[in-house]
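1. turn this into a model:
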Amino acid sequence: MSVVAKHSAPRFKQRCISVFRGGAMGLVALAALVGCSKPEPETPGTQALGKLITAKQYRNSLEYIFGPGIHLQVQMPPVPRTEGLLANTAATAGVSGGLVQDLQSVAASVAGQVVDMENRNHLIPCRPASIEKADEACATQFVTKVGRLLFRRAMTDEEVSLYVDQAGAAAEQLENFYDGLEVALEGLLLSPVVLFII
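-> Numbering: from 1, shown residues only. The predicted model follows:
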């Protein structure tokens, strides 16, 4: 063995031991820190912001659900920009009274066209037992089918019941099943679940 090899072997061994001890001490220190720290407090997090659906998204949804035979006049004001970026959230965009009127006008128009004699046979999946009064079974079938598409999720039993009851009350008052269904559909189309994307 050479003289250089004799002197470098112990140094190499000492360096390896030194590195190993340093790593072991680091792991012990890390374990001590983790053991002493308190867990993060539970927080509810930030509240989800809703984004107002755009006119194009609303129009596309209605055309997909009810078909091209429904005439749509969906117009919403342009989305404002904040520092060059689109500010389309519930916190910044808001919903003006004029926009609510425009949306209500579209909803009334679409609901009227869906229950119209020309469209009802292919857009409403059932027939009422009597046109002159409420039919809970048919209204439930329609609300469940259309509501799932409009809400972009299955409706809860309470939501279905709310709109079916609304259709029934309106049908009894107006003495026409389809008029009652029109009122309920207009309400569905104006639901915040439909108009906002979370």
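
2. show me where the protein has helices.
-> All helices of the chain, identified by DSSP state H, fall at 3-36, 55-66, 97-115, 120-123, 136-151, 157-174, 177-189, 192-195.

3. could you check how far the nearest residue to F196 once chain neighbours are set aside is from P192?
-> Among residues not flanking F196 along the chain, G50 sits closest, at 3.8 Å (Cβ to Cβ, 6 or more residues apart in numbering). In short, each C-beta sits where N, CA and C put it, glycine included. Distance, G50 to P192, using Cβ to Cβ, to the nearest Å: 8 Å.

4. next: L123.
-> Distance from L123 to P192, by Cβ to Cβ: 24 Å.

5. which one's more surrounded, the two?
-> Neighbour count, other Cβ atoms under 10 Å: between L123 and P192, L123 has more, with 20 against 11.

6. what's near enough to touch that one?
-> By Cβ atoms under 8 Å, 6 or more residues apart in numbering, the residues touching L123 are F66, G67, V114.

7. run a quick neighbour tally on the last one.
-> In this case it means V114. By other Cβ under 10 Å, 25 other residues sit near V114.

8. repeat for the second one
-> Around G67 sit 12 other residues, with neighbours defined as other Cβ under 10 Å.

9. distance of the closest residue to it other than its chain neighbours relative to F142?
-> Once flanking residues are discounted, G67 sits nearest to L123: 7.4 Å by Cβ to Cβ, 6+ apart. Applying Cβ to Cβ, the value for L123 to F142 is 9 Å.

10. again with F151
-> For F151, the distance to F142 (Cβ to Cβ) stands at 14 Å.

11. of the two, who's got more company?
-> Neighbour totals were compared for F151 and F142, and F142 leads with 26 against 15 (other Cβ under 10 Å).

12. wait, that one touches R127, no?
-> No. Counting by Cβ atoms under 8 Å, F142 stays clear of R127, with 10.8 Å between them.

13. any idea how many residues pack against the closest residue to A184 other than its chain neighbours?
-> Distances taken as Cβ to Cβ, 6+ apart place A167 nearest to A184, at 3.6 Å, with adjacent residues excluded. Applying the criterion other Cβ under 10 Å, we find 29 residues in the vicinity of A167.

14. return the residues in contact with A167.
-> A167 touches A134, A139, V143, G180, L181, V183, A184, counting by Cβ under 8 Å, 6+ apart.

15. from G67, how far off is the closest residue to Y64 other than its chain neighbours?
-> Once flanking residues are discounted, Y64 sits nearest to L149: 7.6 Å by Cβ to Cβ, 6+ apart. Distance from L149 to G67, counting by Cβ to Cβ: 12 Å.
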